[in-house]
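Colleague: Whatever this is, show me its structure:
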Amino acid sequence: MSEMTLIAEDILKTMKAVDEAYHASNELLSETNHEKFDTFKARMIVLQEQLSKLKMVLDNEEAYAMDELIDALNHAYTTHEIQYRRTPRMRAKG
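Modeller: Down below sits the predicted model:
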């Protein structure tokens, strides 16, 4: 699975987190209590984490694209993994 595929999956996860936060906010508005607030707060924390991951990628989109291209070329010509990258890997190689 490529880094770009993982980035696309992160976008989908973020969209889901937005939807869940929205529903939690509506529940909190309709029935304000500690349980609903805790649920809303948890959903907002997840959303913040997802948005932070996307911001990191968007702030460094050229570097991610270059690293992805270099990984693809390396995979085509060699069997070993390149150690140097300008960006962190989105997942552990295994």
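
Colleague: the helices in this structure, which residues?
Modeller: 3-30, 34-59, 61-77 (DSSP state H).

Colleague: could those helices go into JSON lines alongside mean neighbour count?
Modeller: In this view, the C-beta of every residue, glycine as well, is placed from N, C-alpha and C. Formatted as JSON lines, those follow (neighbours: other CB atoms under 10 Å):
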{"stretch": "helix 3-30", "mean neighbour count": "15"}
{"stretch": "helix 34-59", "mean neighbour count": "14"}
{"stretch": "helix 61-77", "mean neighbour count": "13"}
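
Colleague: export these to JSON lines and tack on mean pLDDT and distance to residue 86?
Modeller: Shown next, in JSON lines, are the helices of the chain (pLDDT from 0 to 100; distance: least, CB to CB, whole Å):
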{"stretch": "helix 3-30", "mean pLDDT": "91", "distance to residue 86": "12"}
{"stretch": "helix 34-59", "mean pLDDT": "93", "distance to residue 86": "12"}
{"stretch": "helix 61-77", "mean pLDDT": "80", "distance to residue 86": "4"}
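
Colleague: Pipe those helices into TSV and attach distance to residue 87 per row.
Modeller: Formatted as TSV, the helices of the chain follow (distance: least, CB to CB, whole Å):
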stretch	distance to residue 87
helix 3-30	8
helix 34-59	8
helix 61-77	5
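
Colleague: if we compare these, which one ends up closest to residue 83?
Modeller: Proximity to residue 83, assessed across those by CB to CB, is greatest for helix 61-77 (10.5 Å).

Colleague: what angle sits between the closest one and helix 34-59?
Modeller: 70 degrees (axes from the mean of the first three to the mean of the last three CA atoms, to 10 degrees).

Colleague: For residue 15, give its distance to residue 22.
Modeller: 11 Å (CB to CB, to the nearest Å).

Colleague: Tell me who's in contact with the nearest residue to residue 18 once chain neighbours are set aside.
Modeller: Leaving aside its sequence neighbours, residue 18 sits nearest to residue 47 (CB to CB, 6 or more residues apart in numbering; 6.2 Å). Residues near residue 47 by CB atoms under 8 Å, 6 or more residues apart in numbering: 14, 17-18, 20-21.
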